[in-house]
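# No letters, just coordinates:
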C-alpha cells in the first residue's frame, strides 16, 4: 500500500465512522487518525479510540500550539480537529494514513497537504441518508434538521474530491478504499 495520506469526507450520517472502524479492523496496517472533539461521547464511543474527547480549554490550547492539522466547528456547535503529530509520524514510517473528517476539514487539509488523495463518501440516495441519520437516534429533531441542512451543502461539494465512493455496503466501501490505496501511486 502507498504511504500517502487519504482524506475520507462526506455528508453527516453517510457512514464515515462506520467505514473507518471497518478499515481499522480489517486493515490495521493503515494508520487511522483519531480526531479530537469538544462534543460528548455517543453511546459506545471510547475516548482515544473513536475520538479524543476534550474540553474547550484543551482544544483552544491545541489550536494555539499548532497541534492540529485541521479543525472546524461542525454543525455550528462542536469543534473537531485532527492532531498533526500522529499523522506525520505514520507517514514518516511509510504507513498509509487516513483521516475521516468533515468537508471543512478536508478543505483545510487540501491547502496544507495537496498531495493527499481526497475521497468523497456518498450515500446511495438522499432518502437513505435521512434514514441513516434518523436511525442513529442520537440527535433530537432540531439537531437532525441542522445536520440535514448541512448535508445538502456537503453533497454539493463532491466535485472538489479526487474520487467518490458510494457507501451502499460498508465492506464494499472499505474494499474500494483499499484498492485505491494499493493503486494510488498513479496520478488521480
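All right, it came through fine. No experiment lies behind these values; they were computed from the predicted model shown. Numbers count the residues shown, from 1 in each chain.
# Need the pLDDT of residue 140.
Confidence at residue 140, expressed as pLDDT, is 79.
# next one: residue 68
For residue 68, pLDDT reads 94.
# Next, the contact list for it, please.
Going by Cβ atoms under 8 Å, 6 or more residues apart in numbering, residue 68 touches 36, 62, 81-84. C-beta coordinates here come from the backbone N, C-alpha and C atoms, glycine included.
# so where do the strands sit in this protein?
5-9, 31-32, 36-37, 52-53, 68-74, 78-83, 97-100, 117-122, 163-166 (DSSP state E).
# In a markdown table, list the ones you listed along with distance to residue 44.
Shown next, in a markdown table, are those (distance: least, Cβ to Cβ, whole Å):
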| stretch | distance to residue 44 |
| --- | --- |
| strand 5-9 | 21 |
| strand 31-32 | 17 |
| strand 36-37 | 15 |
| strand 52-53 | 13 |
| strand 68-74 | 20 |
| strand 78-83 | 18 |
| strand 97-100 | 17 |
| strand 117-122 | 21 |
| strand 163-166 | 25 |
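# Pick out the shakiest of those, pLDDT-wise.
Minimum mean pLDDT among the strands of the chain: strand 68-74, a mean of 89.
# That one to strand 5-9, inter-axis angle?
Using axes from the mean of the first three to the mean of the last three Cα atoms, to 10 degrees, the inter-axis angle of strand 68-74 relative to strand 5-9 is 0 degrees.
# Fine by me, thanks again.
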